[in-house]
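>>> Make a model of this:
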Amino acid sequence: MVRRLLTYVALYVCALGAGLPALAQLLTGAQVRVKDLGKLQGWRENSLVGYGIVTGLAGTGDSPGNRTTKQALSNVLSQFNLTVPPEQVQSRNVAVVTVGASLPAFAREGDQLDVTVNSAGDARSLVGGTLLLTPLKAANGRVYALAQGPLSVGGYRYDANGNVVQKNHPTVGSVPGGATVEVGMQTQPLSPGQSLTFVLAEPDYTTASRVASAINSQLGSGVARARDAAGIEIAVPDAVRDQLVSYVARLEGVWVQPDRRAKVVINERTGTVVAGGDVTISRVAVSHGDLKVSISSETTVSQPTLVGRVGPGVRTAAVTNSRVDVEEQMGPGFVGSGTTVADLVQQLARLKTNTRDIISILRAVKAAGALHAELVVQ
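Predicted coordinates:
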C-alpha cells in the first residue's frame, strides 16, 4: 500500500515537473478540458433526407391500393426501359420510405454514413428488405450522399389468421454505413485578421471568463476574450496560421474549472430525480400525507306489511343509505435548515417515501422559495 501511494505521488510530481497538466488534473479531478465544454463556431453536422423504395419484403410492404407506392415503383422501372403504368403495379413486397442521415463536419468524398429508414406508407414490417439507391439532399436541394443496402430492423411482426406477434417497431430500420458521401464539406481557411470563436455548450458568464483566462495563461496574454456568456473570441497569431491544426489542438487541451449552475431534473414519466449533491435548501418544514375517502351505499326495500288494506298510493319503496368514511394517514415530516437536496431525498427515503411523492415534495419546496436551484420537469 505504501509503495503504491509513493508511486502515485511520484507520478503527480513528475507530471507537474514535466509540464503535463493533463495527468496532474486527472489525479486531482478538479478541472476539465476546454474541448469538453463546447466546440468552435461553424463546426456542425448537416441533416440529409431522401425518399426511396425498400424491396424484398415477404408480403409485408405497402398495400396494393397505395397510389404513392405504385407511382414510385413505376418511376423506378421506367429508368430501366420498362414501361409499366402505375395502375398495373400490384405488389406487397415493396414499401416507400424516407431516409435520413447526418453529414458531419470535415466529411470527405467516399466517407460512409449511417442512415435511418422510416416507412412512409402502410407497410406492416421492413424486416428482410433492401433499400434501393436513394439520393440524400440537404436543405439547399443539393445531393451530398447516396444510400443503399440491406436494412437492419430491431424488431419483427408476424400475423396469421387474425393473430399478431410484434416486437419493437418493425417499420423503422437502419443501414450501418449505407450512405457514401459524394460531396464533402469544404472548410474555408482563415483570412488575415480573422479569429476563432469557441462556443460553450451551456452558456455561462463565469465559465466563459474562466475559459478566456485559462487560454491567455497557456497560449499567450491577450489571445482570448469573452464576448458574451457563450462565445470566446480567440485570436490566431500570424506565425501559426499555417499550423492551425496544432494550434487548435493546444487550445482544446487547455484545462479550466467550469462553473456549474444548480439544477434539479425531474422526469415525471419514469419517476426519476437527478440533482447535484450541493444544491441547497433553506429552512423549510415539509409534511406529506394521504387522504383516503371511502363512500359505501346500502340499498334496502321497505314493504308496507303492517297496513291491512293497501290503498292506491301505497307501494314498495327502495331506500338507499350512504356512509362516508374519511381516513387520513400521517405522512412523513421533515424540518431542515441549510440542508441540501441530497439530504432531503435521503431522509425521505428513510421514511419509505416513494419517488413520485418525493417529486411532489420537491415541486412544493420550489414553489415555497426554499429550493435554490432551477427545477427542470421533463
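>>> Secondary structure element for Ser217, which one?
Secondary structure from DSSP states H and E places Ser217 in helix 205-219.
>>> And the helix or strand just after that helix, what does it pack against?
Later in the chain than helix 205-219, the nearest helix or strand by DSSP H and E is strand 224-226. Secondary-structure packing of strand 224-226 (3 or more Cβ pairs under 8 Å, 6 or more residues apart in numbering; DSSP states H and E): helix 205-219, strand 231-234. All C-beta spots, glycine's among them, are computed from the backbone N, C-alpha and C.
>>> Deepest-packed of the ones you listed, please.
strand 231-234 (a mean of 20; mean count of other Cβ atoms under 10 Å).
>>> From the chain's centroid, how far away is that strand?
28 Å (Cα atoms, centre = their mean, to the nearest Å).
>>> Okay, now the sheet partners of it, with direction.
strand 196-200 (antiparallel), strand 224-226 (antiparallel) (DSSP bridges).
>>> In terms of secondary structure, what does the one helix or strand Ala179 maps to contact?
Ala179 belongs to strand 172-181 when elements are defined using DSSP H and E. With contacts defined as 3+ Cβ pairs under 8 Å, 6+ apart, strand 172-181 has these neighbours: strand 112-119, strand 130-137, strand 143-150.
>>> For the last one, what is the distance to the chain centroid?
Meaning strand 143-150. 26 Å.
>>> Show me what counts as buried in stretch 72-79.
Ala72, Leu73, Ser74, Val76 (16 or more other Cβ atoms under 10 Å).
>>> picking that back up, how far does the strand holding Ala179 sit from the chain's center?
On Cα atoms, centre = their mean, the centre of strand 172-181 falls 21 Å from that of its chain.
>>> what residues does it touch?
Residues outside strand 172-181 that contact it (Cβ atoms under 8 Å, 6 or more residues apart in numbering): 48, 101, 103, 107-119, 126-127, 129, 131, 136, 144-154.
>>> Report the mean per-residue pLDDT for that strand.
Strand 172-181 shows a mean pLDDT of 93.
>>> Let me know the angle separating that strand from strand 112-119.
In terms of direction (axes from the mean of the first three to the mean of the last three Cα atoms, to 10 degrees), strand 172-181 departs from strand 112-119 by 140 degrees.
>>> Next up, the contacts around Thr339.
Counting by Cβ under 8 Å, 6+ apart, Thr339 touches Thr280, Ile281.
>>> and if you look at the one 10 residues further on?
The contact partners of Ala349, by Cβ under 8 Å, 6+ apart, come to Ile358.
>>> Now name the helix or strand holding it.
helix 341-350.
>>> now Thr300
Here Thr300 is assigned to strand 290-302, by DSSP H and E.
>>> For that strand, what does the pLDDT average out to?
Strand 290-302 comes out at a mean pLDDT of 60.
>>> With stretch 119-137 instead?
For stretch 119-137, the per-residue pLDDT averages 92.
>>> can you check stretch 91-107 too?
Here the average pLDDT along stretch 91-107 is 90.
>>> go on, stretch 217-224?
Average pLDDT, stretch 217-224: 87.
>>> got the end-to-end distance for it?
10 Å (Cα to Cα, to the nearest Å).
>>> If we ignore the residues flanking it in sequence, what's nearest Ala147?
Excluding the flanking residues, the one nearest Ala147 by Cβ to Cβ, 6 or more residues apart in numbering is Ala179, at 4.1 Å.
>>> show me where the stretch 1-150 of the chain has helices.
2-17, 21-28, 67-78 (DSSP state H, counting those that start in this stretch).
>>> Need the residues that contact the last one.
Applying Cβ under 8 Å, 6+ apart, the set of residues contacting helix 67-78 from outside is 53, 61-62, 64, 83-87, 89, 91, 94-96, 120-121, 132.
>>> Kindly write the PyMOL command that selects the buried subset of the contacts of strand 172-181.
Buried residues among the contacts of strand 172-181 (16+ other Cβ under 10 Å), as a PyMOL selection:
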select buried, resi 48+101+103+107+111+113+115+116+117+119+126+127+129+131+136+144+145+146+147+148+149+151+153
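>>> measure Gly231 to Leu82 for me?
Noted for Gly231: a distance of 57 Å to Leu82, by Cβ to Cβ, to the nearest Å.
>>> hmm, back to that, now, of the contacts of helix 67-78, which are buried?
Ile53, Gly61, Asp62, Val89, Val94, Ala95, Val96, Ala120, Gly121, Leu132.
>>> before we move on, the earlier item: sort out for me which of the contacts of helix 67-78 are in strands.
The members of those that map onto strands under DSSP state E are Ile53, Ala95, Val96, Leu132.
>>> Could you dump those residues into TSV and include distance to Ala349?
Shown next, in TSV, are the ones in strands among the contacts of helix 67-78 (distance: Cβ to Cβ, whole Å):
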residue	distance to Ala349
Ile53	55
Ala95	50
Val96	52
Leu132	56
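>>> And the protein, split by domain according to the record?
32-37+201-256, 46-181, 264-297+319-377 (automatic domain parsing).
>>> Now tabulate the ones you listed in CSV and tack on distance to Ser195.
What follows is the domains of the chain, written out as CSV (distance: least, Cβ to Cβ, whole Å):
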stretch, distance to Ser195
domain 32-37+201-256, 5
domain 46-181, 19
domain 264-297+319-377, 33
